[in-house]
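Visitor: Need a 3D model of the sequence below.
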Amino acid sequence: MMKRIWATFYARSLEFVRDRSTMGWNLILPIALVFGLAFVFSGTGQPLFKVGVIADQQTSDTVNKAAHPFLNTAHIDFYPVAANDKTVTMRKVGRHQIDMLVDVRPHEMHYWVNQDSAKGDVVEKLLQASGGTALTKENVTGQEIRYVDWVVPGILGMNLMFSCLFGVGFVIVRYRKSGYLKRLNATPLSASEFLLAQIFSRLLLVVLVTCIVFVGTNLFLHFTMEGSYWLLFLVLVLGSFCLISLSLVVTARVSSEELAGGLLNLLTWPMMVLSGVWFSMEGTHPAMQMLSQLSPLTHMLSAARAIMLDGAGLAQISTQMLVMGFMSIVFLAIGAVMFKWTTD
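Guide: Predicted coordinates:
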């Protein structure tokens, strides 16, 4: 028995070593992730809280910390907010995107906090203990929501992303490696027809599962839903289609499951970090915010949260829908052109 185990172990290890592309990705991917995450979360220590600041004598990039002693508190990310953006930023406080908004202009001296936010409560106590001119507490404009209402689209979107990318990608690679695609190539079936069949099969599955999870959890948690369920369903379908199309680009010519896994991980991890799954990108480096716009998941989550929390209609999320539609067409076209039936 041990001989058979050893023979199997040796053959599989030799196969991996001889596959230079796979071995290369297994070395490059973790290094790229470490450096990428180190850049995103660089600094002496990540701030625990995020506070928007309206103050005189500050630029669009720099907060005037001399305006109030609170603005020198450690471990809080203070970022400047224009006075005419106050209403929009107040809504972000209510949506748990930031923990507090303070207006420290001499003729204002107010602050806004979400009473349902545990982090907001801590920041409020730090403000009160900071000294300086007292700020008047104001109620957040609009409905204050729970953190679960904000984060549930991110959780479902992350699960959807993994299911779409890995569910289709690995299947096609396995078909190609086993010779199944080679046999299909002898039939009148075209590459576009095969890919569309794969897309719609996975699309039906992921949409059905996501709907079941959403409805089941909503029965107990009663998520905030200000917009249309039908519009939210449309975002789900289009976002899923876009992510599945993206997986076809990655696996159009790959014949190694290990390499496919490395390439798909190279896509999923940055999307999970930069697409606002767990935390808002408000106040992060502008380059990171621009980079996040390249992710289909960013636009899907943005549209879903706008519908659920703000009651957005089709006109308000038209930009996100157009971007996802355009990405889907581009990904599907590239996947069809690059598609290879065999491993040769």
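Visitor: can you pull the contacts of the residue nearest to the spatial centre of the chain?
Guide: Centrality entry for the chain: nearest residue to the mean C-alpha point is residue 275, 2.5 Å, by C-alpha atoms, centre = their mean. Going by C-beta atoms under 8 Å, 6 or more residues apart in numbering, residue 275 touches 154, 157, 292, 295, 297, 298, 301. Every C-beta, even on glycine, is put in place using the N, C-alpha and C of the backbone.
Visitor: Filter those residues down to the ones in helices?
Guide: 154, 157, 292, 297, 298, 301 (DSSP state H).
Visitor: What ranges in the stretch 101-250 of the chain fall below the confidence cut-off?
Guide: Applying pLDDT under 70 to the stretch 101-250 of the chain picks out residues 139, 141-145.
Visitor: can you pull out the helices in it?
Guide: Along the stretch 101-250 of the chain, counting by DSSP state H, counting those that start in this stretch, helices occupy 118-129, 147-178, 180-184, 191-221, 229-251.
Visitor: Find the one among the ones you listed with the highest mean neighbour count.
Guide: When the helices of the stretch 101-250 of the chain are scored by mean count of other C-beta atoms under 10 Å, the highest mean neighbour count falls to helix 229-251 (a mean of 22).
Visitor: Tell me the first helix or strand C-terminal of that one.
Guide: Next helix or strand after helix 229-251 toward the C-terminus (DSSP states H and E): helix 257-274.
Visitor: ok so, going back, switch the contacts of residue 275 over to JSON lines; also include distance to residue 184.
Guide: JSON lines is the format used below for these (distance: C-beta to C-beta, whole Å):
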{"residue": "154", "distance to residue 184": "37"}
{"residue": "157", "distance to residue 184": "32"}
{"residue": "292", "distance to residue 184": "38"}
{"residue": "295", "distance to residue 184": "32"}
{"residue": "297", "distance to residue 184": "31"}
{"residue": "298", "distance to residue 184": "35"}
{"residue": "301", "distance to residue 184": "36"}
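Visitor: For residue 67, state which of those is nearest.
Guide: residue 292 (29.9 Å; C-beta to C-beta).
Visitor: what's the burial count for the residue nearest to that closest one when sequence neighbours are not counted?
Guide: Closest residue to residue 292 apart from its sequence neighbours, by C-beta to C-beta, 6 or more residues apart in numbering: residue 274 at 4.2 Å. Neighbours of residue 274 under the rule other C-beta atoms under 10 Å: 21.
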